[in-house]
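> Have a look at this prediction, sequence included:
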Amino acid sequence: MKFRDDLIKFICEDAGLDAADFDDNTELFSGGFIDSFTMASILEFIEEAVGVEVAQSDVTLENFDTVARIVAFVEKQRVG
């Protein structure tokens with residue numbers, strides 16, 4: 001779960017949030033917690049932190065709207 005913890009820390013720092021403001025299933029983008037600039041930063045963070053290249057076609061709410069979805073996407077990319 002190290003990636004999950006690092007991701008939450010990154011989101012908090014980049015978006016100025018407190019970890020108590022959201023949980024793994026909070027809709028971050030559609031819920032207004034983060035904006036498109038933070039989303040772009042998250043994509044860059046993923047690519048740098050875990051070496052997973054994120055295709056433009058993969059950037060959807062289904063993959064990136066919650067911490068749980070982001071973690072699942074990264075785990076799927078690592079395996080596949």
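Perfect, thanks for sending it.
> Helix or strand: which one has the residue positioned nearest the centre of the chain?
Note on the chain: the residue nearest the mean C-alpha position is residue 70, at 4.7 Å, using Cα atoms, centre = their mean. Per DSSP states H and E, residue 70 falls inside helix 67-79.
> shouldn't the residue nearest to the centre of the chain be in contact with residue 63?
Yes - with contacts counted by Cβ atoms under 8 Å, residue 70 reaches residue 63, the gap being 7.2 Å. All C-beta atoms are positioned from the backbone trio N, CA, C, and that covers glycine.
> related to what we said a few turns ago, which other helices and strands contact the helix holding residue 70?
Here helix 67-79 touches helix 2-15, helix 36-50, helix 61-64, going by 3 or more Cβ pairs under 8 Å, 6 or more residues apart in numbering; DSSP states H and E.
> With distance to residue 29, mean neighbour count and mean pLDDT added, can I get those helices in a markdown table?
Listed next are the helices and strands packed on helix 67-79 as a markdown table, based on distance: least, Cβ to Cβ, whole Å; neighbours: other Cβ atoms under 10 Å; pLDDT from 0 to 100:
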| stretch | distance to residue 29 | mean neighbour count | mean pLDDT |
| --- | --- | --- | --- |
| helix 2-15 | 10 | 15 | 97 |
| helix 36-50 | 6 | 15 | 97 |
| helix 61-64 | 7 | 15 | 97 |
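> All good on my end, thank you.
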